[in-house]
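1. Just the structure for this:
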Amino acid sequence: MTAPARLPEVHRHGLGIVLMLGSALSLSLMNGAVKWLTQAGYHTLQIVLVDCLFGFSAILLWLLATGRIQWVRRVRPLLGLYVLAAICSCFALFYGFGHGQLAQISSVVAGAPLLVAVLSYFFLGERLSRWQVTLALAGFGGILLVLQPDGDMAAEWPLLVVLVGTFALAGSQVLVRALSRSVHTAAFILYFYMGAAVVSGFLVVSGGLWQPVAAADMPVFLGCAVMDVLALVLMYSSFRYAPASMVTPFQYSNIVWSALMGYVIWQEQPGLWTAIGAAVIITAGILFTRAALLRKTGMAPQT
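-> Below you'll find the model as predicted:
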């Protein structure tokens with residue numbers, strides 16, 4: 001789907017950037033809501049269940065209302081593997097944001113695009129230049145800086161869980177790239193929400209993890225689910241108006257929003273190593289995206 005032709009290119013690109021910034025802000029607000037609900041005593045799986053039930057219902061109703069249900073009828077065997085990877089990632093990230101520092105967790109997750117590139121090299125045969133390999137290694141080094149142990153296992157455990165979840169996230173995105181020509185974007189979103197709702201629902205019921213939702217927390221649950229869907233809508237909409245290579249770097253603003261939210265609401269003060277690691281990850285990610293664009297347009301040497 002292309003952007004409306006009546007908009008000048010500079011305006012279309014600007015709108016794409018604004019939409020991506022909105023997506024990053026929505027995602028940060030969702031992560032903050034997850035942390036708020038976790039500290040209020042709700043189990044991670046209950047938060048995932050409510051979020052995914054809302055997302056599944058919203059996407060399904062939209063497909064039915066617009067007569068586009070055929071978009072999700074074409075499936076492939078690998079779609080099940082994508083759903084599994086996405087569910088593992090969702091559980092890990094929700095746990096991490098609920099129990100860790102928002103800035104630290106966001107910094108680790110920001111390394112996912114670099115992991116996607118490396119996994120695509122091994123499993124999809126996509127080529128990487130020496131400069132891109134160097135940038136990927138630098139990004140991994142930034143993650144290690146954020147993960148630098150300080151002896152507090154309670155603080156380190158959420159980071160380790162999120163690291164595993166980030167690998168699962170990268171794996172799911174590689175599968176999206178592999179299936180994108182035969183599976184519609186709506187199918188990826190719908191089946192992920194459905195799978196995550198079924199798995200989390202089973203675990204919540206069998207484990208007796210459901211806790212009655214207090215009236216004061218209902219708006220937070222609703223806001224969390226709305227921000228999740230809104231972040232996806234804004235992200236995919238941004239790609240209609242500007243090239244992915246142009247808008248993707250603005251996803252890193254999520255780290256800034258998360259750090260501000262963590263500081264203002266929970267008085268979280270990211271340490272020096274987190275700040276340095278985040279800077280390394282962001283810089284490596286932006287330069288990697290630029291290098292990929294130059295290779296695609298033939299403006300960079302194929303080294």
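2. State the helix or strand in which Cys88 lies.
-> helix 77-99 (DSSP states H and E).
3. elements contacting the helix or strand following that helix?
-> For helix 77-99, the succeeding helix or strand toward the C-terminus, using DSSP H and E, is helix 102-109. Under the contact definition 3 or more CB pairs under 8 Å, 6 or more residues apart in numbering; DSSP states H and E, helix 102-109 sits against helix 9-39, helix 77-99, helix 130-146, helix 153-179, helix 253-266, helix 272-297. Where you see a C-beta, it was placed from the backbone N, CA and C, and this is true even at glycine.
4. Which of the helices and strands in the chain ranks last by mean pLDDT?
-> The helix or strand of the chain with the poorest confidence is helix 244-247; it has a mean of 72 (mean pLDDT, DSSP states H and E).
5. Sketch out the low-pLDDT regions of the protein for me.
-> 1-8, 10, 149-155, 244-245, 296-303 (pLDDT under 70).
6. still on that earlier bit, nearest to Ser237, out of the helices and strands packed on helix 102-109?
-> helix 9-39 (5.1 Å; CB to CB).
7. Would you mind measuring from the residue nearest to Ile105 when sequence neighbours are not counted to Arg12?
-> Excluding its sequence neighbours, the residue lying closest to Ile105 (CB to CB, 6 or more residues apart in numbering) is Gly96, at 4.6 Å. Per CB to CB, to the nearest Å, Gly96 is found 35 Å from Arg12.
8. which one of the helices and strands packed on helix 102-109 lies closest to Val109?
-> Closest among the helices and strands packed on helix 102-109, using CB to CB: helix 153-179, at 5.5 Å.
9. Check which helices and strands the helix or strand following the closest one is in contact with.
-> Remark: after helix 153-179, the chain's next helix or strand is helix 185-206, criterion DSSP H and E. Identification of packing neighbours for helix 185-206 by 3+ CB pairs under 8 Å, 6+ apart yields helix 44-65, helix 77-99.
10. which of those helices sits most buried?
-> Neighbour counts (mean count of other CB atoms under 10 Å) averaged over each of the helices and strands packed on helix 185-206 peak at helix 77-99, with a mean of 21.
11. quick one: contacts of that one?
-> If you take CB atoms under 8 Å, 6 or more residues apart in numbering as the criterion, helix 77-99 is touched by 31, 34-35, 37-39, 44-45, 47-48, 51-52, 105, 108-109, 157-159, 161-162, 164-166, 168-169, 171-172, 175-176, 178-179, 183, 187-188, 191-192, 195-196, 199-200.
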